[in-house]
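Chemist: A predicted structure for the sequence below; I have some questions about it.
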Amino acid sequence: MENQKRGCMVVVSRDGPYLVSGGLPLAKEIILGDDEGNSVKWGKGEKFQAQETYALCRCGHSNSMPFCDGSHAKVGFDGTETASRDKFEKQAEVIKGPSIDLMDAPQLCASARFCHNKSGSVWEHTRNSGDPESKKIAIQQACNCPGGRLVILDKNKPIEPKFEPSISIVEDTPANVSGPIWVKGGVPIESHDGTRYEPRNRVTLCRCGRSDNKPFCDSTHVSIRFSDGDKRVMKR
């Protein structure tokens with residue numbers, strides 16, 4: 001894995017696919033819900049054959065999802081990158097709680113909806129974190145956020161889930177839509193112009209082609225009911 005960490009990268013090509021190098025593992029990851037449609041946990045899906053390099057669709061039109069098949073050129077895809085290059089801490093607001101704080105950057109929301117459950121929202125639990133159970137729930141809710149919109153601070157130190165460098169293709173069963181590309185473990189993401197975005201433990205990249213915060217997901221896939229056409233691995 002150390003070799004992967006040194007050599008892995010995702011490059012956002014100009015008006016084209018994400019170019020992945022370094023042998024990053026690729027698999028489906030499924031949002032599983034309860035009978036009321038609430039997001040409950042992450043489930044494992046199909047693992048794709050290991051490849052040293054591969055290209056992932058970001059226009060939303062490929063017939064070989066999740067891989068690029070050149071459709072971006074046929075549809076005239078505009079992949080202009082509009083996301084801020086500022087570090088996360090500059091983009092996020094801070095919600096203060098009695099025992100923990102919450103950093104929140106709404107523009108990075110991927111609408112996985114783990115931030116809400118029957119007991120309340122991550123914002124409510126943060127504000128009530130003097131209660132040990134609320135603190136525990138807030139941490140769990142924030143750590144389940146794939147886009148890294150939500151980060152809990154405990155004594156000013158971020159609490160992050162442990163991820164190895166890898167990529168997941170999200171399928172959202174409660175919402176019945178295909179979700180973004182989930183990049184984990186601090187994998188470098190490089191713009192088409194050669195500059196790099198801040199390395200983070202978890203981010204989500206748009207693959208419906210319609211985000212207003214490219215290359216990152218902004219939840220547009222939910223509003224347009226995006227489907228990649230492959231439901232083979234949407235298992236409970």
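Modeler: Sure, I can see it.
Chemist: what domains does the record give for the protein?
Modeler: Split into domains by automatic domain parsing, the chain comes to 2-84+166-198+205-211, 88-159.
Chemist: Of those, which is nearest Val222?
Modeler: Closest to Val222 of those is domain 88-159 (C-beta to C-beta; 4.8 Å). The C-beta positions use only the backbone N, C-alpha and C, and glycine is treated the same way.
Chemist: what's the model's confidence in stretch 169-186, averaged?
Modeler: In this model, stretch 169-186 has a mean pLDDT of 97.
Chemist: what's the span of it, first residue to last?
Modeler: End-to-end distance of stretch 169-186 (C-alpha to C-alpha, to the nearest Å): 17 Å.
Chemist: okay if I get the domains of the chain as TSV plus distance to Ser227 and mean neighbour count?
Modeler: TSV is the format used below for the domains of the chain (distance: least, C-beta to C-beta, whole Å; neighbours: other C-beta atoms under 10 Å):
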stretch	distance to Ser227	mean neighbour count
domain 2-84+166-198+205-211	5	18
domain 88-159	15	18
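Chemist: Let me have those domains in CSV, extended by distance to Cys217.
Modeler: Converted to CSV, the domains of the chain look like this (distance: least, C-beta to C-beta, whole Å):
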stretch, distance to Cys217
domain 2-84+166-198+205-211, 4
domain 88-159, 5
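Chemist: mind checking which of those domains is nearest Thr220?
Modeler: Across those, Thr220 has its closest neighbour in domain 2-84+166-198+205-211 (4.4 Å, C-beta to C-beta).
Chemist: where does the protein dip in pLDDT?
Modeler: 1-6, 230-236 (pLDDT under 70).
Chemist: By residue count, what's the longest helix in it?
Modeler: Using DSSP state H to define each element, the chain has its longest helix at helix 132-143.
Chemist: which residues are contacting that helix?
Modeler: Contact with helix 132-143 is made by 97, 99-100, 102, 114-117, 119-122, 124-126, 128-129, 150-152, 154, 159-161, as judged by C-beta atoms under 8 Å, 6 or more residues apart in numbering.
Chemist: Format the CA atom coordinates belonging to the host helix or strand of Pro180 as PDB.
Modeler: If you go by DSSP states H and E, Pro180 is part of strand 177-184. Taking C-alpha atoms only, strand 177-184 is exported to PDB below (Å, rounded to 0.1, in the frame of the first residue of the first chain):
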ATOM      1  CA  VAL A 177     -30.100   7.200  -7.900                       C
ATOM      2  CA  SER A 178     -26.500   6.600  -8.800                       C
ATOM      3  CA  GLY A 179     -24.100   8.800  -6.800                       C
ATOM      4  CA  PRO A 180     -20.700  10.300  -7.100                       C
ATOM      5  CA  ILE A 181     -17.100   9.000  -7.200                       C
ATOM      6  CA  TRP A 182     -15.900   8.700  -3.600                       C
ATOM      7  CA  VAL A 183     -12.100   9.200  -3.400                       C
ATOM      8  CA  LYS A 184     -10.600   8.100   0.000                       C
END
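Chemist: Many thanks, I have nothing further to ask.
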